[in-house]
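Peer 1: coordinates for the following, if possible.
(chains A and B)
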Amino acid sequence: MTLNDDLTIILTAGLVATAAGLLGPFLVLRRIALMSDAVSHAVLPGIVLVYLLLGTRAPLPVIVGAAVFAIICVLAIEALRSTGLVKSDAAIALVFPALFALGVLGVTQYASGVHLDLDSTIYGEIAFAPFQTVTIGGFEIARSIILLGAVALANLALVTLLWKEYKATTFDPEFSRTIGISPALLSRLLLIAVAITAVTAFESVGAILVVTMLIVPAAAAYLLTDRLWAMVVVTVAVGWVSALGGHAAATAVDASIAGAMGLVAAICFALALVASPRYGLLARAVQRRRRRRDLRTALAAGR
Amino acid sequence: MGWLIDLIPLDYSDAVVVLAAMLLGITAGAVGVLAVLRQRSLVGDALSHAALPGVCIAFLVTGAKDATTLLAGAALAGLVGALLMVGIERTGRIRPDAAIGVVLASFFSLGIVLLTYIASTDNSNQAGLEKYLFGQAAGLLERDVAVMGVLALVALTLVAVGFRALKTTLFDPAFAGAVGLPVRALEIAMTALLVIAIVIGLRMVGAILMVAMLVAPAVAARQFAGRLALVIPLAGAIGAAVGVSGALLASRAEVPTGPVIVLVAVGCVVVSVLVAPRRGVLWRARRLARDRRRILAEGVLVDLETAIHAGPPLTAAELALASARPARALRRALRDLDRAGMLDRDGERLYLSRPGAAAAHAVLERRELWAAWLEHGPALGVPDAREPDPTDLRASLGDEYADRLHALMRAAERSP
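Peer 2: Residues are numbered from 1 along each chain as shown, chains lettered A, B, ... in the order given. Have a look, this model is predicted:
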């Protein structure tokens, strides 16, 4: 028994959306959304190095290699920042291009043509997801679904087990420090989870969709709700909508599925930005209008 | 442009690459300073990603693949991205980092969709658009370089002409607004300058890595200069050097140009952060170590001087006990003092030599003067409000005030 190809693709993307959506809200709220961009680019040399040293693309060593480089990336950014000579935004803008450049050179020099081609790491070939399968209990299922499902579960475990801690450090780092929860440690843990999510999703959906799924649905959700748990739920939902809509759009015009999914996520964000009942542009315009009118009547009454 | 290429002592294609890399480096370096100092470095990242769909749309609309048309598309898309970023930020709910991330991801997704769509239409012209992802210097035409030259000239002229206004807006936007400068327009102009630099660099460095080309020369230059009027030209020079060496290296090794230029640029930053005079990490570490050593030696000098008045001269072991300093530090201080000729030894016992005693007195006098400054400083009425240098109060106050401080101190000692 096998899964239908389209279903596999949608399920893979949906699991990426779930895994990323669980982390995205915290990144956006902690204002480190761009660290996810940095980290997901910086894992490339880890993948290449594992391939060069061990000649394998098996998931486990690749994830370990990528996680190592994610940590290197975070530590390098912190080291540059701690000199006091480079601001944190500039540090991010220096470290991840350098690591990514190393990865690109490694790919073009030593690993070209052998599965590790660059395009698929950047914009991914989710269309190939159904071709790599494993058989579990007589049920043939795509490897990407198993892997991403595991990562999504791990992220779910991380977020639910440390829910209280993450909530405290996100909204009041000073308070959480005084009660003995280290914001820096939790931040690092979060970024490692981002890196593992990024690298697992890398080969099936490409770096850019990971970054999109980490930032855009969470930003859209932030426009729609004020409660953390609701924000996480909305983020994951927006991710799934993007996966479904993107797949449909991509098959219609025969373009990159990952790119189309990103585009649908962007459209969701644009809709939220315009039409969010409380923070949307329309709602704000209406509020401003009403306030002006109220003021005018109040002035007229006072006269 | 032809004569310039002839001037460079390299074969034609290398000369074109060198010229292009130089133009890119100068512009990106000079303009990048404006982004880095506003702590908006990553705006460059979003803008260069946003250029990709512009390139694709220009190709789809015109069917041309010459760099100039495609880059015009890139510029337009970059400007749209910049305005969207400002717009999203201005709604208030979304913070700058998320706004940058959203624009970056959305535009790049659009770019990927268009890129794959173009590939699937099987247009024989389409080969080459991917160069705009990672950059490829090879195959640049003289005409493209001429366009780059014009753009670079425009950007640099704008920076030079608007220098005072830009400087004021950078460092004190509130003041700039108060004196009637169009702050919002100037901020948009700075972003537009970034777009120009990105357009020049897109073909050489590629969309993903372009941000490093904007940020690295600025950060490196900032370590060596403290004035905007110096930082901007220096960043341009560093950018040019980085661009030329990286592009040549890459074309020799036949690898994509972007990654090599970026690695050279970031290497430059690391070196300058380490060794920059007065600011660099190594420089500061060395100064700290030297200061610690000097202060340790002075402390031991004073210990010896005061010990003489208390009893017979000390041995090194007794000194260690009395001063409670770590043994290694003490040995090191004694070695330093020996080398400076400040110690005399009588067997195990330590004496201060004549210069040693003089130095100890000088240290004591300095400490006394500092204590006096803390106690009576306000009574001096020094016209200069700056805090004087505690390590050398006499030099920074001047002899006259130092003598008056002494007088005040003596007076206070006499009247309890």
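
Peer 1: quick check: residues of the stretch 251-400 of chain B near chain A?
Peer 2: Applying CB under 8 Å from any CB of the partner chain, we find that the stretch 251-400 of chain B lies next to chain A at B:255-256, B:258-260, B:262-263, B:266, B:269, B:273, B:276, B:279-281. Yep, even glycine has a C-beta here, placed from its N, CA and C like the rest.

Peer 1: can you tell me which of the residues you listed lies closest to residue B:168?
Peer 2: Lowest distance from residue B:168 to those (CB to CB) belongs to residue B:279, with 24.5 Å.

Peer 1: and the closest one, what pLDDT?
Peer 2: Taken from the predicted model, the pLDDT recorded for residue B:279 is 88.

Peer 1: who wins on neighbours among the residues of the stretch 251-400 of chain B next to chain A?
Peer 2: Neighbour counts for these (other CB atoms under 10 Å in any protein chain shown) peak at residue B:258, which has 34 neighbours.

Peer 1: how close does residue A:163 get to residue A:186?
Peer 2: For residue A:163, the distance to residue A:186 (CB to CB, to the nearest Å) stands at 11 Å.

Peer 1: kindly report the same for residue B:307.
Peer 2: Using CB to CB, residue B:307 is found at 54 Å from residue A:186.

Peer 1: ok so, going back, neighbour count: residue A:163 and residue A:186, which is higher?
Peer 2: Under the criterion of other CB under 10 Å, the comparison of residue A:163 against residue A:186 puts residue A:186 first, with 21 against 13.

Peer 1: list the residues that contact the more buried one.
Peer 2: A:162, A:165-166, A:169 (CB atoms under 8 Å, 6 or more residues apart in numbering or on different chains).

Peer 1: a markdown table please, covering the residues you listed and showing neighbour count.
Peer 2: Rendered in a markdown table, the data for those read as follows (neighbours: other CB atoms under 10 Å in any protein chain shown):
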| residue | neighbour count |
| --- | --- |
| A:162 | 16 |
| A:165 | 17 |
| A:166 | 26 |
| A:169 | 24 |
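
Peer 1: so which of the residues you listed are in strands?
Peer 2: With strands taken from DSSP state E, there is no overlap with the contacts of residue A:186.

Peer 1: check these one by one and keep those near chain B.
Peer 2: The subset of the contacts of residue A:186 within reach of chain B, by CB under 8 Å from any CB, is empty.

Peer 1: return the set of buried residues in the helix or strand of chain B with the lowest mean pLDDT.
Peer 2: Scoring the helices and strands of chain B by mean pLDDT, DSSP states H and E places helix B:2-7 at the bottom, with a mean of 71. Along helix B:2-7, these residues count as buried under the neighbour rule (16 or more other CB atoms under 10 Å in any protein chain shown): residue B:5.

Peer 1: close to chain B, is the helix or strand hosting residue A:239?
Peer 2: Residue A:239 is part of helix A:228-253, with elements assigned from DSSP states H and E. Yes. Part of helix A:228-253 sits close enough to chain B to count as contact by CB under 8 Å from any CB, namely A:250, A:253.

Peer 1: helices and strands around that helix, which ones?
Peer 2: Of the remaining helices and strands, those touching helix A:228-253 by 3 or more CB pairs under 8 Å, 6 or more residues apart in numbering or on different chains; DSSP states H and E are helix A:5-29, helix A:207-224, helix A:257-275, helix B:96-120.

Peer 1: deepest-packed of the ones you listed, please.
Peer 2: Neighbour counts (mean count of other CB atoms under 10 Å in any protein chain shown) averaged over each of these peak at helix A:207-224, with a mean of 30.

Peer 1: point me to the residue of the stretch 301-416 of chain B nearest chain A.
Peer 2: Scanning the stretch 301-416 of chain B for the residue nearest chain A gives residue B:387, at 21.0 Å (criterion: CB to the nearest CB).

Peer 1: part of a helix, is that residue?
Peer 2: No. Assessed by DSSP: H, G, I helix; E, B strand; the rest coil, residue B:387 does not belong to a helix; its assignment is coil.

Peer 1: can you give me the neighbour number for it?
Peer 2: The burial metric for residue B:387, expressed as a neighbour count using other CB under 10 Å, is 9.

Peer 1: do the same with the one 4 residues further on
Peer 2: For residue B:391, the neighbour count with other CB under 10 Å is 12.

Peer 1: list the contacts for it?
Peer 2: The contact partners of residue B:391, by CB under 8 Å, 6+ apart, come to residue B:366.

Peer 1: and the residue of the stretch 301-416 of chain B closest to chain A, how far from residue B:278?
Peer 2: When distance is defined by CB to CB, residue B:387 is 19 Å away from residue B:278.

Peer 1: also residue A:75?
Peer 2: Between residue A:75 and residue B:278 the computed distance is 26 Å (CB to CB).

Peer 1: now residue B:33
Peer 2: 20 Å.

Peer 1: more crowded one of the two?
Peer 2: For the pair residue B:33 and residue B:278, the greater number of neighbours falls to residue B:33 (29 against 10), based on other CB under 10 Å.

Peer 1: grab the nearest non-local neighbour of that one.
Peer 2: Spatial nearest neighbour of residue B:33, chain neighbours left out: residue B:218 (4.3 Å); criterion: CB to CB, 6 or more residues apart in numbering or on different chains.

Peer 1: kindly format the C-alpha coordinates of whatever helix or strand the one you found lives in as CSV.
Peer 2: The secondary structure element spanning residue B:218 is helix B:210-224 (assigned by DSSP H and E). Output in CSV follows, covering the C-alpha atoms of helix B:210-224 (Å, rounded to 0.1, in the frame of the first residue of the first chain):
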residue,chain,number,x,y,z
MET,B,210,25.1,40.5,-1.5
VAL,B,211,24.4,41.7,2.0
ALA,B,212,27.9,40.8,3.2
MET,B,213,29.3,43.1,0.5
LEU,B,214,27.3,46.0,1.9
VAL,B,215,28.1,45.3,5.5
ALA,B,216,31.7,44.0,5.6
PRO,B,217,33.6,47.0,4.2
ALA,B,218,31.6,49.4,6.4
VAL,B,219,32.3,47.4,9.6
ALA,B,220,36.0,47.0,8.7
ALA,B,221,36.4,50.7,7.9
ARG,B,222,34.6,51.7,11.1
GLN,B,223,37.3,50.0,13.1
PHE,B,224,40.0,52.2,11.7
